[in-house]
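Chemist: Give the three-dimensional model of this entry:
(2 chains)
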Amino acid sequence: MVEILLVPLITAVISAIFIKNKRLVWFLFLISNGYILYKLYSLYGKWDLTYILNTDYQIFGAKLSLGLSNNPLGWYFAFFSAVVTLVIAIFSIGFNTNSKGNVAPIWMLIIFANLGIFYAADWITFFMMWELMGWTSFFAITNGNTKALDGAKYYLALSLLGGSSMLIAILLLGAYTKTFIIITSAYRLIQLFNLAEGVFTTILLLFIMAFFIKSAIFPFYMWPSKVYAVGPEDYIAFMSSVMIKYGIYPMAIFIVPVIGNLQLPKIFNAGNWMQYFIGYLGALSAVVGTLLAMFQTDMKKLFAYSSVANMGYILLGFASMSIVGFEGSLFHVVNHIVLKAAIFLSLAAVVYRTGESEMHKLGGLVYKMPITFLTFLFGIIAAAGIPPLNGFGSKWMIIQALMEKKMVVLVISMVFASTGAFMYLFRALVSIFLGQLPERYKDVKEVPYTMSIPMIIMMGLMLLIGVVPGVVMKPLTIALDALGYKVDIATWTTLSSSFKNATIDLKIVFYMFAMGIVVAALMYLFGNKSETVPQHDNYTAGENPIEWGVDADKFNYSYSFYQPFKEMFDPLFERISIDRFFSSIGKNFEYISPTIQGLYKRGEGAVLLFSIGVLLLILGGWIL
Amino acid sequence: MNSIVFLVVIPIIAAFLSLFLGKVNKLIAYIVTIFNLSFSVVVLVSGKIPFNVAIGGWRAPYGINFVVTDITIFFLLLINVAAVLSLTTIKEHMEYQFYAFYFILLAATNGMVLTGDIFNFYLFTELTTFAIGGLVAYKRDRLATGASLKYLILSSTASIFSLAAIGLIYKTLGTLNFADIASKISNLNKASLSLILILFISSMLVELKIFPFNLWVVKAYDASIPAVNLFLHGMVSTAGVYGAIRILLMVFSKNGVMSDQSSNIANILILLAFITVMIGEIGALTEKNLIKVLAFSSMAQLGIFLFGISLGNYEALKGAFYIVISNYFAKLIMFIVAKNYSVVAGSRNYNAMKGLGRKYPGLAIAFTISALSLMGMPFFAGFWGKLSIVGNALLMDKIAITGVIIILISSVIEGVYYLRISHTFFSDGNIQDTKLSRINCVLPIILAAVILIIGIYPNSIENIIWTMINEIQNTPEKYIQVILPLK
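Modeler: Alright, predicted model coming up:
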């Protein structure tokens, strides 16, 4: 099992040595990812595999052993992220033909850390891989690009803060429960609740802070928009789909079982305060993410906030503490990986051909880049949660779970966010692909085969998971069953929730849609002759704007798309700005710094400070 | 092995001879330093450790003795290796004063580590002060003279306090020998012990770069030539760390834990330590001069070291040793890289070094590995130290927990500025003509590989450190009885 970690490590070193030879490096990248996927597939079901490395290093009096274990939930996360990473790797071969830097060696190190996080058996290994992922992603985002430094610095500071918080939590957990193994420490932490409630709450909150920072949950939700706009686009597809889930995995494997097994009093007969804490933070992320996404003009920032909102949905599913909600959240993890990767791949294709990422400067690319358009369309249909694509099943399960537990406010926020999502998703589609094609882009072509084939594969995946959710649900339910949860093993095409008669057979849904498409196709073929109209007719409804003194380009409505809506929410976002709060902390440190430098630059005052130091020693050591 | 005095005597003879041997000085310097290093290695593998040499035949505690134990040989090796590596960075011709001062420095730092007598320790500390004072002022411009003067004034103040402490020790205990003081320390009452400790610590903290005693650090590093930076870091700092460990933990404490009589001093030391860390990291945040950044960072790392040894827990002490090792290797690499890059870029501002990482990736990668080790990132040497110190401080009282939180926040700040420098190295920039030969990249890469190996597989270093902690834990058997054998 340890080959699964050694292969990415060796590939990273070899890629770093041959970094100038792009073809070799990206080809190696592809082969590595293919091997990892194959190896993960062969590890399915072998839940007892472990690998322990004993060191002589003593911590808290005992020698440390680092371990990997093929735990079922970790396998689930690793396998599906490896599938999507492989598709992105195929895309990267074409995308990087003209790129300046080479992000492959660092990316391979991140994949090494990726597998380490999901396969860690004890918290120290987990922490080591987590921190490795933190600093390598800084280098991957910046990739030698000076303009990327500000956003990456913000992300790095948050990431290191989360790492420090997790370090304190892990060491407290190790000291009080006498073990570092993840599953054992969860059991003992539950018992610690009765003995030392203060320590328990501290440990839990510190862990939750670290996980929320990595998964961009409120109030740490500002970094995706800063980072996704400046990084290399194929790496951003990986980062926004896979890496944002790193906080969700330990929530699922550690926090949710711990909270679920506590005997706390229920509020309003629905859930205990910790469930509501997680639920409200998730709801806030969903609502705020959706609102902020509507106001963006840069397409990458828009989808960054969409990721924040989707992480909010996953937390809402966890907050319900029911098995349907838990399954729904974990199903949504995979769904979001697939659809976000598809969307970002199509955005990367647009940037590859046009070099532009502001939506109001694009437009009308639908006929020039049809495959990109179709992938994007499928992506936003899936993101909106519309059958027969994959986003529907998971969102349906989460809402069912919340309704069953009578958490009404959370249901309302999820429905608001989910419906509001359609506003920004459609806006992106219209601004980039529909409308008028600007003059400067009239020679834009579709992306080459190496890049369009991965996009077609992603479309196929979204349709497949949407119609046959058992592809994901079967491994998920088998994994949960192996962990000890009471689940029924899912079938291939039906989804069920906990209410009576609440079962959806997605085959039937697909047949209905297919029937609709067949009917529309028949109407098209046997209807009247169609006439080809120029592109601007699709929004001018046959009128000629030149007659009114505007040309087609100016008439295309894509800037300030939701102006009235934005004006409605501006007062709120002006007064409370989380971004300003975190940035101001950084700026305060940067204000104090020159003062300290001045202290050390002066010629005089050294002996005075020496005397003050002696005074401190006397005060502290002698008098007190 | 009476010949252990050669480690001190031969450099002093060379110091006198250097006044007359103008051109051959560099060769003599290499010969003497390599002799020192090989002699230390021979002592290490000879298996006679621990042993005690009474100088002039006068038995301890009546005379001065040189004692070699595990801790001694460890620090001796560190100092001599740093001396050899620092000499490799001298490329141009230096005047004879430089080599004279350097030989004195070599003799004095070796003597500090070897000696077993507190007045002899004071003497070698003074010699170090003067030697480094002269070396810092080598460039003879306004900045160098000012920096050297500041350091001399502060050190002289420190030595007044030190001398007063030694006088007090002689008055109350009647002896000047480390081992003898250690065995008689329990006879002192609390007030006397506190006074002696306060006086002694005030002087030690100047060399350990702890706020508010460290106003000399940034100027001294900035004003000196790169070789002197490495002398300051590799030799003087390391000897200071040895002094802290030997005196604070073995002479004035019981078995490595500051005794109840002086536990308040330990709390003040913890406070000063984490204030130093905070000031060092915040000071480095907006600094553009790379050498000054490294000076602030050295300050902060020694703050973490002091935090580790003041906690009174053996695992935290082990963590402090890891921090010493990690800082030692990392700063050696970083000063060498800073020197090479500033020669190519023509300035010490790291923004002028933009893009040099793409041309000379070996140096930039070594710098990044050192930076990550200082930040305490896993898979690098500093991580094991951070883990031990943070873990054991969380189990102690409130001041230690506050200290841990401040140190962790400071390490976030450290991460931001170090990785920003790394990013500047790896960005696109316009590079001038290449003036750097590839041979300069070899040494940092080897040292970076050492950091990586310690980080990935800490077993061998762990065992070495536990041997040293055993010596501290069992001070009576392992140290005192080597010098004053029970009759």
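
Chemist: which regions of the chain lie under the pLDDT threshold?
Modeler: Went with chain A since none was named. A:500-501, A:535-542, A:545, A:551-557, A:603, A:623-624 (pLDDT under 70).

Chemist: should've been chain B
Modeler: Ranges of chain B meeting pLDDT under 70: B:1, B:255-256, B:258-262, B:431-434, B:486-487.

Chemist: Contacts only, for the residue of it most remote from its centre.
Modeler: The centre of chain B is farthest from one residue, B:Asn430, which by C-alpha atoms, centre = their mean lies 37.3 Å away. Residues near B:Asn430 by C-beta atoms under 8 Å, 6 or more residues apart in numbering or on different chains: B:Gly355. Glycine gets a C-beta too; all of them are placed from N, C-alpha and C.

Chemist: Which secondary structure state does it sit in?
Modeler: With DSSP: H, G, I helix; E, B strand; the rest coil as the basis, the three-state label of B:Asn430 is coil.

Chemist: so where do the strands sit in chain A?
Modeler: A:50-59, A:62-69, A:494-496, A:503-505 (DSSP state E).

Chemist: on contacts alone, who are the packing partners of the first one?
Modeler: Just to be clear, that refers to strand A:50-59. strand A:62-69, helix B:314-345, helix B:381-393, helix B:459-473 (3 or more C-beta pairs under 8 Å, 6 or more residues apart in numbering or on different chains; DSSP states H and E).

Chemist: for those, which one sits closest to A:Leu205?
Modeler: helix B:381-393 (17.6 Å; C-beta to C-beta).

Chemist: buried ones in stretch B:53-64?
Modeler: B:Val53, B:Ala54, B:Ile55, B:Ala60, B:Pro61, B:Ile64 (16 or more other C-beta atoms under 10 Å in any protein chain shown).

Chemist: Hmm, I typed the wrong one, I wanted stretch B:474-481.
Modeler: Using 16+ other C-beta under 10 Å as the test for burial, stretch B:474-481 gives B:Thr475, B:Lys478, B:Tyr479, B:Ile480, B:Gln481.

Chemist: measure the first one to chain A for me?
Modeler: Relative to chain A, B:Thr475 is positioned 21 Å away (C-beta to the nearest C-beta, to the nearest Å).

Chemist: Just to check, that residue is in contact with B:Ile245?
Modeler: No: the pair B:Thr475 / B:Ile245 is not scored as a contact, 11.6 Å apart, by C-beta atoms under 8 Å.

Chemist: Quick one: residues contacting the nearest residue in space to A:Leu192 that is not next to it in sequence.
Modeler: Nearest residue to A:Leu192, sequence neighbours excluded (C-beta to C-beta, 6 or more residues apart in numbering or on different chains): A:Phe200, at 5.2 Å. Going by C-beta under 8 Å, 6+ apart, A:Phe200 touches A:Leu189, A:Leu192, A:Phe193.

Chemist: just those now: which is nearest chain B?
Modeler: A:Leu192 (14.9 Å; C-beta to the nearest C-beta).

Chemist: What's the local residue count around that closest one?
Modeler: Other residues near A:Leu192 come to 19 when the count uses other C-beta atoms under 10 Å in any protein chain shown.

Chemist: distance of the nearest residue to A:Ile253 once chain neighbours are set aside from A:Ala252?
Modeler: In space, A:Ile253 comes closest to A:Leu73 once its chain neighbours are excluded; the distance is 5.3 Å by C-beta to C-beta, 6+ apart. The gap separating A:Leu73 from A:Ala252 is 6 Å, by C-beta to C-beta, to the nearest Å.

Chemist: Counting neighbours, go ahead and name the busier of those two.
Modeler: Taking other C-beta under 10 Å, A:Leu73 and A:Ala252 do not tie; A:Ala252 has more neighbours (24 against 19).

Chemist: Can you pull the residues that touch both of A:Leu73 and A:Ala252?
Modeler: By the contact definition C-beta under 8 Å, 6+ apart, A:Leu73 and A:Ala252 are jointly contacted by A:Leu330.

Chemist: what would the helices and strands packed on strand A:50-59 look like in a markdown table with distance to B:Ala273 and mean neighbour count?
Modeler: Below are these laid out as a markdown table (distance: least, C-beta to C-beta, whole Å; neighbours: other C-beta atoms under 10 Å in any protein chain shown):
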| stretch | distance to B:Ala273 | mean neighbour count |
| --- | --- | --- |
| strand A:62-69 | 26 | 18 |
| helix B:314-345 | 10 | 24 |
| helix B:381-393 | 11 | 27 |
| helix B:459-473 | 19 | 17 |
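
Chemist: Distance to B:Phe35 for these - can I get that in a markdown table?
Modeler: A markdown table is the format used below for the helices and strands packed on strand A:50-59 (distance: least, C-beta to C-beta, whole Å):
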| stretch | distance to B:Phe35 |
| --- | --- |
| strand A:62-69 | 40 |
| helix B:314-345 | 21 |
| helix B:381-393 | 29 |
| helix B:459-473 | 24 |
